[in-house]
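Need a 3D model of the following:
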Amino acid sequence: MGVDRRSLIAVSLGAGLGVGLAATAVAAAPRSGTGSGKTTTGTTTTPGAGTLTPGLVANSNRDQTTALQSLIDRSTERGETLVLPEGAYRTGPLVLRAGSRIRGAGAGTTLQLTGGGSLISATDADNIMLEHVRLDGAHVMMGTGASTGLVTLKSCRNTYLNHLDVQNSTSHGILLEGSAGRIEACRIAHVLRSAIHSIDAAGVAIASNDIADCGNNGIQVWRSAAGEDGSQIYGNRIARVLALGGGSGENGNGINVYRAGSVAIANNRITDCAYSAIRGNAASDIQIVANSCQRLGEVAIYAEFGFEGALIASNIVDGAATGISVTNFDVGGRLAVIQGNLIRNLFRREHEVVDKRGEGIAVEADASITGNTIEGAPTCGIMIGWGRHMRDCVATGNLVRNARVGIMLTSDPDSGACLISNNMISGATDGAIRAMVLGKPHGPDLAFASARTARVAISGNVAG
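Numbering: from 1, shown residues only. This is a model prediction of the structure:
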């Protein structure tokens, strides 16, 4: 969002005992529905005298809520941008109106929450801009429930949040509900829930943000009911995400997409998450492309439960319990292309009673696995099916190195068809291609045996 031909309201330091800041509005060329283009000056006076415009005092313990809210309201009414100078300002909740525009001096301008709710909020307010400001939640409680962020925008369209430094929130960092716009180049750290939580988006782009030290998830894109969402998540750096909320994977993820269809996730760098780098749950037509994922506690990239359609391509996974899992055919999880990924340094979670993992790629239904490179898989490089849950899977042109078993496929007689051809398997210690029952291999190495039935065709593979 540009600021050409927009007016600026500059707030500069005042002088004299008890004097705060003088607010000076410098108007640009007039436009339809905004101010007249005149210069307007507000003044502050010593305590006890009449105050025309409440003043601000930088780096003071005084509460600045009234002064800030007055300046926000006045600049919005005039169609001007409120420019805040350097300094720290202690404040309670501030409410933005349609058309509110606030700009600070980067990290030098800090709004510090004193309590009472979200630091910045707006409802049914379009065309909001907030940029170059540090927003400090100061670890104070903002209320109960998960529908609160340090910045909370509900039913707001054309929002632009840019170069914000959001920190120390006891809930989410930024929460958008039923909103549209861009969150770009922000730094968000030390939040108890998620750095960015978008629910029921109306068109949101989350780009080039630096996110770290989150209690539950880095970026959440959810919908209250399954449906098309279309959010774009690209170029973000996400690190150190815990799972303080517990559960079996709903927390602890770099990016968590739930019920939101047609979400694109690309070119993100995600490290050190308790569970997944990217987890799509009931997220149809999801695209997960060219992400770099390292040091994950469970499955690095997950497409699970009732989804149809997942494109997972050109990602790098280095260090996870499983590289990529496309699962839950039993509840409708199906239809995937897994292509050109590099997966290495996998491990088993031996402390788990059942869920050991150690797999490069795991699929169940209607999936094409082509051109992937997998190295160092203590269970298997590629796992196809689980019990009877397998249908129409193809594994061709993959390279699997130094796995216990190169490729395992379910031998359940009620499972569907599978084609395994033209793969190279090197250094497998317990067979190149094996049938299995719920992850336990049995029978001969099918790479060297005659293995063609009405259900399974295995040919042209190189094993050594």
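
CA atoms for contacts and neighbours, from now on please.
Fine.

And what about the residue minimising distance to the centre of the chain, helix, strand or coil?
The centroid of the chain falls nearest to residue 219 when counting by CA atoms, centre = their mean (2.3 Å). Counting by DSSP: H, G, I helix; E, B strand; the rest coil, the backbone at residue 219 sits in strand.

same check, this time on residue 212
strand.

Around residue 67, how many other residues sit close by?
Residue 67: 17 surrounding residues under other CA atoms under 10 Å.

That one belongs to a strand?
No - using three-state DSSP, the secondary structure at residue 67 is helix, not a strand.

leaving aside the residues next to it on the chain, what's closest to residue 458?
residue 420 (4.8 Å; CA to CA, 6 or more residues apart in numbering).

Using PDB, write out every CA atom in the helix or strand harbouring the one you found.
Element membership for residue 420 (DSSP states H and E) is strand 418-421. Presented in PDB, the C-alpha positions along strand 418-421 are these (Å, rounded to 0.1, in the frame of the first residue of the first chain):
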ATOM      1  CA  CYS A 418       0.400 -50.100  -6.900                       C
ATOM      2  CA  LEU A 419       3.100 -49.600  -9.500                       C
ATOM      3  CA  ILE A 420       6.800 -49.500  -8.400                       C
ATOM      4  CA  SER A 421       9.200 -49.000 -11.300                       C
END
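
which secondary structure elements does that strand contact?
Using 3 or more CA pairs under 8 Å, 6 or more residues apart in numbering; DSSP states H and E as the contact test, the elements touching strand 418-421 are strand 391-396, strand 456-459.

wait, what's in contact with the residue nearest to the centre of the chain?
Going by CA atoms under 8 Å, 6 or more residues apart in numbering, residue 219 touches 194, 195, 196, 197, 254, 255, 256.

pLDDT of stretch 243-256, averaged?
In this model, stretch 243-256 carries a mean pLDDT of 96.

Please apply the same query to stretch 279-287.
98.

Now do the same for residue 73: helix, strand or coil?
When classified by three-state DSSP, residue 73 comes out as helix.

now it: how far from residue 98?
Computed as CA to CA, to the nearest Å, the residue 73 to residue 98 distance reads 10 Å.

Could you check which of those two has the larger neighbour count?
Neighbour count, other CA under 10 Å: between residue 73 and residue 98, residue 98 has more, with 19 against 16.

Which residue is the nearest non-sequential neighbour of that one?
Spatial nearest neighbour of residue 98, excluding adjacent residues (CA to CA, 6+ apart): residue 125 at 4.0 Å.

That neighbour and residue 156 touch, don't they?
Yes - applying CA atoms under 8 Å as the test, residue 125 and residue 156 come out as touching, 4.9 Å apart.

what's the spacing between residue 197 and residue 458?
Taking CA to CA as the measure, residue 197 falls 45 Å from residue 458.

out of these two, which sits in the more crowded spot?
Between residue 197 and residue 458, counted using other CA under 10 Å, residue 197 has the larger neighbour count: 25 against 21.

Which strand residues bridge the more buried one?
residue 175, residue 220 (DSSP bridges).

contacting residues for it?
Residues near residue 197 by CA under 8 Å, 6+ apart: 172, 173, 174, 175, 176, 219, 220, 221, 222.

now those residues as a markdown table including distance to residue 355?
Output for the contacts of residue 197, formatted as a markdown table (distance: CA to CA, whole Å):
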| residue | distance to residue 355 |
| --- | --- |
| 172 | 30 |
| 173 | 32 |
| 174 | 34 |
| 175 | 33 |
| 176 | 35 |
| 219 | 26 |
| 220 | 25 |
| 221 | 27 |
| 222 | 26 |
